[in-house]
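>>> got a structure for you, letters missing:
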């Protein structure tokens, strides 16, 4: 059973090992794959959940995620309470189990075939994703009675925020929440992209490598999926051929807004 574990523990952190160990306790056949995201980056987690969950996957695949900034309540908390554990069944058959925090379920909210709360306490441990949630995930995966609770209202899950950075890959490519629209602009046009205090020219392209080395491309990326009705979603990506786009924009964080202006301008800090 393939089990994707998406969390903000940090690459190689002990927490990943502890969570894997606990999941294997309740699901001995689990084959864990670890995907780290930046601290508290629920948008990046949600993007990864959709990319893995809405594309073809082996039967029985589970996505277990935990990015829980505990921002649902700014008051002092009792017993380390935090966002509740939720469950989604996707059209691909992939099951998603994780805290409903921020944008974690935003990308799959409108396509999920089942969206429910898990029947597990949201408090009782500072490390809930190790001490409380793996047992609940195991119960859900095995189809145990009473593992799931009431349906989740769509109002409990925010919309995907438009025009911002969703994920930063290992090459420094910036995956965005800007949908590719074939009718929007011509290949080879120049746009000015601004993030924070940094702005640069980029070339619109129908493929990232359709620019020369050293040039910034604004092109449909490798991330996206096709829904049950056959409608395709593809996300725009900012790519610096032969370089690192993230570094060229002074290392913006996930969620940073992207301002797009048509026309040519000289790159400047």
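In hand now; what should we look at? Just so we're clear, the structure is a prediction, and the values are computed from it rather than from any experiment.
>>> tell me the mean pLDDT for stretch 204-222?
Taken as a whole, stretch 204-222 carries a mean pLDDT of 84.
>>> and if you look at stretch 132-146?
The model assigns stretch 132-146 a mean pLDDT of 91.
>>> what about that stretch, how long is it end to end?
Using Cα to Cα, to the nearest Å, the end-to-end distance of stretch 132-146 comes to 16 Å.
>>> count of residues packed around the closest residue to residue 194 other than its chain neighbours?
For residue 194, ignoring the flanking residues on the chain, the nearest one in space by Cβ to Cβ, 6 or more residues apart in numbering is residue 259 at 4.1 Å. From N, CA and C alone the C-beta is placed, and that goes for glycine too. Residue 259 has 11 neighbouring residues, counting by other Cβ atoms under 10 Å.
>>> from residue 232, how far out is residue 96?
Residue 96 sits 21 Å away from residue 232, taking Cβ to Cβ, to the nearest Å as the criterion.
>>> ugh, wrong one, I meant residue 178
Residue 178 is 15 Å from residue 232, by Cβ to Cβ.
>>> these two: who's more crowded?
Between residue 178 and residue 232, counted using other Cβ under 10 Å, the more crowded position is residue 178 (21 against 10).
>>> part of a helix, is the more buried one?
No - judged by DSSP: H, G, I helix; E, B strand; the rest coil, residue 178 forms no part of a helix; its state is strand.
>>> tell me the contacts of it?
162, 163, 235, 236, 258, 260 (Cβ atoms under 8 Å, 6 or more residues apart in numbering).
>>> and which of those is nearest to residue 106?
Of all the contacts of residue 178, residue 106 sits closest to residue 162, with 11.5 Å by Cβ to Cβ.
>>> which one is that closest one nearest to, not counting chain neighbours?
Nearest residue to residue 162, sequence neighbours excluded (Cβ to Cβ, 6+ apart): residue 177, at 5.9 Å.
>>> outside of the strand ranked longest in the chain, which residues touch it?
Using DSSP state E, we find that the single longest strand of the chain is strand 216-226. Residues from elsewhere that reach strand 216-226 (Cβ under 8 Å, 6+ apart): 47, 50-51, 54-55, 167, 173, 175, 180, 191, 193, 200-208, 210-211, 232-241, 245, 248, 260.
>>> pLDDT weak spots in the stretch 51-200 of the chain?
70-82, 123-124, 183-186 (pLDDT under 70).
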